[in-house]
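Participant: With the input below, show me the fold.
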Amino acid sequence: MHVMRDHAGNVKKIVVFQVGSQTYTVGGERYSMETAPFVDQNRTFVPISFAATALGVPKNNIVWDPKAKTVTITKGNQKVVIKIDARTMSVNGVNRPLDAPAKIVNGRTMVPIAQVAEALDVEYKWVPETKSVRFW
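Facilitator: Residues are numbered from 1 along each chain as shown. Below you'll find the model as predicted:
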């Protein structure tokens with residue numbers, strides 16, 4: 001299954017990231033990335049630039065600030081700001097705790113994707129058998 005319907009009946013593509021794989025799928029189509037997702041502190045980390053675009057965030061709505069070491073993601077009415085090594089993220093100006101801080105790996109900003117997905121109002125499911133996370 002590569003697509004599903006949400007509660008309103010809208011068709012949504014399923015996005016899949018697998019731990020250790022440098023490829024991911026969007027609606028069954030395969031894409032490559034430089035850094036593979038990994039698990040740390042019981043959280044799955046994915047490169048936010050690939051995850052956000054796969055989840056429908058326009059590239060110009062993913063902004064890296066090298067001085068502040070933050071990434072800002074805007075999707076609809078949700079604005080999420082994540083700072084490298086911080087235990088909180090800002091969602092529409094309100095701080096929320098992060099179970100594990102974002103980090104930079106191989107030049108990519110890696111984030112604990114479940115909490116970021118929740119902040120962006122994206123549904124997800126961890127699939128332990130395949131060590132993958134699915135979003136829609």
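Participant: and the closest residue to Gly76 other than its chain neighbours, what does it touch?
Facilitator: Excluding its sequence neighbours, the residue lying closest to Gly76 (CB to CB, 6 or more residues apart in numbering) is Asp121, at 7.6 Å. All C-beta atoms are positioned from the backbone trio N, CA, C, and that covers glycine. By CB atoms under 8 Å, 6 or more residues apart in numbering, the contact set of Asp121 is 75-76, 78.
Participant: so how far is Met33 from Asp121?
Facilitator: Plainly put, Asp121 is 23 Å away from Met33 if you go by CB to CB, to the nearest Å.
Participant: Same question for Glu118.
Facilitator: For Glu118 relative to Met33 (CB to CB), the value is 22 Å.
Participant: Between the two, point out the one with more neighbours.
Facilitator: Set side by side, Glu118 and Met33 show more neighbours around Met33, with 18 against 14, by other CB atoms under 10 Å.
Participant: Nearest residue to that one in space, please, no chain neighbours.
Facilitator: Residue nearest to Met33 in three dimensions, not counting chain neighbours: Phe50, with 4.7 Å by CB to CB, 6+ apart.
Participant: What is the neighbour count of that neighbour?
Facilitator: So Phe50, with other CB under 10 Å, has 21 neighbours.
Participant: Over to the one 10 residues further on?
Facilitator: Residues within reach of Asn60, counting by other CB under 10 Å, total 7.
Participant: quick check, it in a helix?
Facilitator: Yes: under DSSP: H, G, I helix; E, B strand; the rest coil, Asn60 sits within a helix.
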